[in-house]
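Chemist: Quick one: sequence and predicted model below, then my questions.
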Amino acid sequence: MAPETQAGAAGAALPLPPMKWDAWGDPALAKDLSADIKGLLAAALGVTGDATPGPAADEVLLHPSRITADDLKALAAAVGETNVSAADADRLPRAGGKSTPDLLRRRSRAPQDAPDAVVLPGDEQEIAAVLALCAERRIAVVPFGGGTSVVGGLDPERGDLTAVISLDLRRLDRLHELDETSGEAVLGAGLTGPAAEALLAERGYELGHYPQSFRYATLGGFAATRSSGQDSAGHGRFDEMVRGLRVVTPVGVLDLGRAPASAAGPDLRELFLGSEGTLGVITAVRLRVHPLPAVKAHEAWSLPDFATGSAALRAVEQAGTGATVIRLSDEAETMVNLAMTEQIGGAPAVTGCLAVTVFEGTAEQVATRHRLTRDTLLAAGATSLGEAPARAWEHGRFNAPYLRDSLLSAGALCETLETAASWSRLPSLRTAVTEALTTALPGALVLCHISHVYPTGASLYFTVVAALGEDPLTRWAAAKRAAGDAIVAAGATITHHHAVGADHRPWMTDEIGELGVRILRAVKAELDPAGILNPGKLIP
Ligand SMILES: Cc1cc2nc3c(=O)[nH]c(=O)nc-3n(C[C@H](O)[C@H](O)[C@H](O)COP(=O)(O)OP(=O)(O)OC[C@H]3O[C@@H](n4cnc5c(N)ncnc54)[C@H](O)[C@@H]3O)c2cc1C
């Protein structure tokens with residue numbers, strides 16, 4: 001066997017993903033933790049001293065590529081020579097997603113797994129050609145959008161195939177069509193959130209999908225994972241915005257969704273929303289868009305405790321008062337926000353529980369939505385904190401992931417998980433998950449917020465901070481297993497918006513039953529008979 005090779009950034013033949021391979025976002029925006037926070041970590045979690053730094057890019061060891069020269073030649077014939085590479089510097093940044101276990105593995109000095117080659121197709125014909133030759137040569141294909149998966153959705157698994165390629169979709173980056181009469185836009189799957197919004201804003205429109213990973217994730221990734229943005233109360237989840245999809249499968253192309261509503265049998269778009277690269281490659285999405293909002297209003301609130309806050313959010317959502325953003329931190333998260341405010345530029349916190357509301361629309365719409373929400377919240381026990389904390393939250397909302405990198409470097413493990421359930425089950429769900437996490441990781445700090453609301457229920461988003469300690473990967477895996485089991489036992493979903501990937505696959509049978517799994521397997525066998533598409537993800 002060939003020796004492991006070194007993956008220096010120099011030597012990349014392809015444009016690199018914008019994020020560093022072992023950290024979030026733009027390295028220039030990362031900040032060291034303040035002395036105050038380090039003191040707090042030492043006092044609360046026993047975190048002392050910085051973690052051993054990981055290797056520099058040119059010190060990372062990768063397992064050697066298994067792609068053959070003949071495979072590379074065939075791939076180059078399909079997409080052009082300048083769009084294929086087996087260089088380690090191109091493989092390393094596509095080696096996985098951005099969960100905390102991903103980042104810990106990237107910091108390892110042991111040899112790491114990576115796709116055997118990277119391919120950048122430019123259009124549907126090229127994608128179809130790549131899938132055909134990969135099926136013939138038994139090469140696995142992992143579609144790669146923004147690389148922000150937190151569930152192992154991009155793990156370079158080969159299954160029983162000979163090699164695996166990363167199919168980086170960044171070249172599918174066009175606004176194909178804007179139908180202003182209907183309020184629909186057709187956009188390329190490889191566009192990142194900011195690139196899509198910039199193209200729409202030039203014409204006075206907005207999509208309004210703002211997940212925390214907005215700056216780097218792509219439209220194809222949002223569709224393939226059923227993503228949910230922080231403005232979901234007003235604009236809906238990403239899957240609710242999708243009017244149509246184009247998908248290239250190994251056995252043909254699908255163009256789905258031809259009218260605003262249809263009774264023509266089961267909705268096949270639903271098969272591909274959340275399909276996580278296992279059934280086909282999404283190349284373009286037709287999305288509901290709206291004119292850029294004329295007016296925005298912000299207001300933050302203090303609630304005496306999480307139960308009162310949760311009831312207040314339920315009242316607002318069930319009354320349909322029309323908030324664009326509404327979220328509630330529990331007592332612990334509210335307290336930690338206060339300590340972190342300076343670090344991430346987030347909302348200054350308060351006693352009790354902080355809630356944030358934002359309203360968008362025309363001046364009249366905003367005035368009405370704001371008034372109705374305000375009346376409902378006040379009646380439910382909220383106290384107004386004015387607009388400043390809500391504006392501060394909005395300003396800092398994409399910065400929190402940098403904090404995770406700084407915490408890791410300082411010797412603290414920080415990871416998140418999420419779920420959803422009906423309102424009546426929410427209190428017991430929160431207790432069960434918190435207990436599972438603190439039992440598995442004694443002394444850990446568990447923070448929680450309500451991140452998305454529906455008339456019948458809500459999603460809970462947990463953040464866990466603990467000392468990194470010995471073997472953090474194994475300790476986190478045990479905690480994640482305990483939390484997943486608690487979620488399933490509580491009758492909640494294993495994921496509200498992070499998707500399934502490799503990490504949640506063990507709970508898919510609990511989620512949809514044996515028959516449900518057989519249906520997914522049957523669809524996969526029909527669309528991907530050689531089993532090349534993203535092995536080891538989603539379908540047990
Ligand atoms: C710090 C952080 C914050 C996050 N915040 C949120 C949040 O607020 N809300 C939320 O919903 N998620 C969030 N996520 C998760 C992640 O950003 C989403 O799952 C996102 O939708 C992934 O998009 P991507 O383009 O990065 O896809 P990738 O990570 O590249 O891929 C994700 C999965 O989709 C498949 N895929 C990607 N593109 C295509 C395509 N065109 N066709 C077929 N399959 C494809 C991949 O094979 C993979 O299985 C967060 C992640 C991080 C790291």
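Modeler: Good, I have the coordinates. The model shown is predicted, which means the values in this text are computed figures rather than measured ones.
Chemist: The closest residue to the ligand within the stretch 51-200 of the chain: how many residues sit nearby?
Modeler: Residue nearest to the ligand within the stretch 51-200 of the chain: residue 145 (2.6 Å; C-beta to the nearest ligand atom). The way it works is simple: take the backbone N, C-alpha and C, and place the C-beta from them, glycine included. With neighbours defined by other C-beta atoms under 10 Å, the count for residue 145 comes to 30.
Chemist: May I ask you to confirm that it is in contact with residue 216?
Modeler: No. Residue 145 is beyond contact range of residue 216, at 9.0 Å (criterion: C-beta atoms under 8 Å).
Chemist: can you pull the contacts of the residue of the stretch 51-200 of the chain closest to the ligand?
Modeler: 169, 189, 190, 217, 218, 219, 220, 221, 224 (C-beta atoms under 8 Å, 6 or more residues apart in numbering).
Chemist: Show me what the fifth one is bridged to.
Modeler: Right, the one you point to is residue 218. With DSSP bridges as the criterion, residue 218 is bridged to residue 192.
Chemist: Check the gap between it and residue 408 for me.
Modeler: In this view, residue 218 and residue 408 are 25 Å apart by C-beta to C-beta, to the nearest Å.
Chemist: The nearest residue to residue 201 once chain neighbours are set aside and residue 362, how far apart?
Modeler: Counting by C-beta to C-beta, 6 or more residues apart in numbering, residue 201 lies nearest to residue 292, which is 6.4 Å off, once chain neighbours are set aside. Note on residue 292: its distance to residue 362, by C-beta to C-beta, is 11 Å.
Chemist: cool, and residue 490?
Modeler: 41 Å.
Chemist: interface residues of this protein facing the ligand?
Modeler: Neighbours of the ligand within the chain, by C-beta under 6 Å from any ligand atom: 24, 97-98, 142-150, 153-154, 169, 189, 211-213, 217-218, 220-222, 224-225, 227-228, 276-277, 281-282, 401, 497-499, 501, 534, 537.
Chemist: so of the residues you listed, which ones are in helices?
Modeler: If you go by DSSP state H, the residues of the chain next to the ligand have 220, 221, 222, 224, 225, 401 in helices.
Chemist: list the contacts for the fourth one?
Modeler: Okay, so that is residue 224. 143, 145, 272, 273, 274, 275, 276, 277, 282, 499.
Chemist: and the nearest residue to it once chain neighbours are set aside, backbone torsions?
Modeler: Counting by C-beta to C-beta, 6+ apart, residue 224 lies nearest to residue 276, which is 5.3 Å off, once chain neighbours are set aside. Per-residue torsions, residue 276: phi 50, psi 40 (degrees, to the nearest 10).
Chemist: Tell me if I'm right that residue 176 and residue 184 touch.
Modeler: No. Applying C-beta under 8 Å as the test, residue 176 and residue 184 come out as separate, 11.0 Å apart.
Chemist: just to revisit the earlier point, include pLDDT when you put the contacts of residue 145 into JSON lines, please.
Modeler: Putting those into JSON lines (pLDDT from 0 to 100) gives the following:
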{"residue": "169", "pLDDT": "98"}
{"residue": "189", "pLDDT": "98"}
{"residue": "190", "pLDDT": "98"}
{"residue": "217", "pLDDT": "98"}
{"residue": "218", "pLDDT": "98"}
{"residue": "219", "pLDDT": "98"}
{"residue": "220", "pLDDT": "98"}
{"residue": "221", "pLDDT": "98"}
{"residue": "224", "pLDDT": "98"}
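Chemist: got TSV for these, with distance to residue 321 too?
Modeler: Formatted as TSV, the contacts of residue 145 follow (distance: C-beta to C-beta, whole Å):
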residue	distance to residue 321
169	39
189	34
190	37
217	29
218	32
219	29
220	33
221	31
224	32
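Chemist: so which of those would you say is closest to residue 353?
Modeler: Closest approach to residue 353 among the contacts of residue 145 (C-beta to C-beta): residue 217, at 28.6 Å.
Chemist: Which of the residues in the longest helix anywhere in the chain are classified as buried?
Modeler: Determined from DSSP H, the single longest helix within the chain is helix 508-527. For helix 508-527, the neighbour count (16 or more other C-beta atoms under 10 Å) marks 508, 511, 520, 523, 524, 527 as buried.
Chemist: Closest to the ligand out of the residues you listed?
Modeler: residue 527 (12.0 Å).
Chemist: thought the closest one was touching residue 277?
Modeler: No. Here residue 527 does not reach residue 277: they are 11.9 Å apart, not a contact under C-beta under 8 Å.
Chemist: so what's in contact with the two at the same time?
Modeler: residue 533.
Chemist: quick revisit: now find how far off-centre the longest helix of the chain is within its chain.
Modeler: Distance, stretch centre to chain centre, for helix 508-527: 23 Å (C-alpha atoms, centre = their mean, to the nearest Å).
Chemist: Now the buried members of the contacts of residue 224.
Modeler: Buried among the contacts of residue 224 (16+ other C-beta under 10 Å): 143, 145, 272, 273, 274, 275, 276, 277, 282, 499.
Chemist: residues in contact with the residue of the stretch 251-400 of the chain found nearest the ligand?
Modeler: Proximity of the stretch 251-400 of the chain to the ligand (C-beta to the nearest ligand atom) peaks at residue 277, 2.9 Å away. Residues counted as contacts of residue 277 (C-beta under 8 Å, 6+ apart) are 141, 142, 143, 153, 224, 533, 534, 537.
Chemist: do the same with residue 427
Modeler: Residues near residue 427 by C-beta under 8 Å, 6+ apart: 307, 310.
Chemist: now residue 531
Modeler: Residue 531 neighbours (C-beta under 8 Å, 6+ apart): 159, 160, 161, 524.
Chemist: Can you get me a residue count around residue 256?
Modeler: For residue 256, the count of nearby residues is 18 (other C-beta under 10 Å).
Chemist: Between residue 490 and residue 362, which is the more surrounded one?
Modeler: Using other C-beta under 10 Å, the more surrounded residue of residue 490 and residue 362 is residue 490, with 18 against 12.
Chemist: was I right about that one contacting residue 430?
Modeler: No. With contact defined as C-beta under 8 Å, residue 490 does not count as touching residue 430 (9.0 Å).
Chemist: Out of the ones in helices among the residues of the chain next to the ligand, which is nearest to residue 332?
Modeler: residue 401 (19.6 Å).
Chemist: Not counting its neighbours along the chain, what's nearest that closest one?
Modeler: Spatially, and ignoring its direct neighbours in sequence, residue 401 is nearest to residue 24 (4.0 Å; C-beta to C-beta, 6+ apart).
Chemist: and the gap between the one you found and residue 538?
Modeler: As for residue 24, its distance to residue 538 is 24 Å (criterion: C-beta to C-beta).
Chemist: coming back round to it: show me which of residue 176 and residue 184 is the more surrounded one.
Modeler: residue 184 (19 against 13).
Chemist: Wait, that one touches residue 241, no?
Modeler: No. With contact defined as C-beta under 8 Å, residue 184 does not count as touching residue 241 (9.9 Å).
Chemist: Identify the residues contacting residue 383.
Modeler: Contacts of residue 383 (C-beta under 8 Å, 6+ apart): 301, 302, 303.
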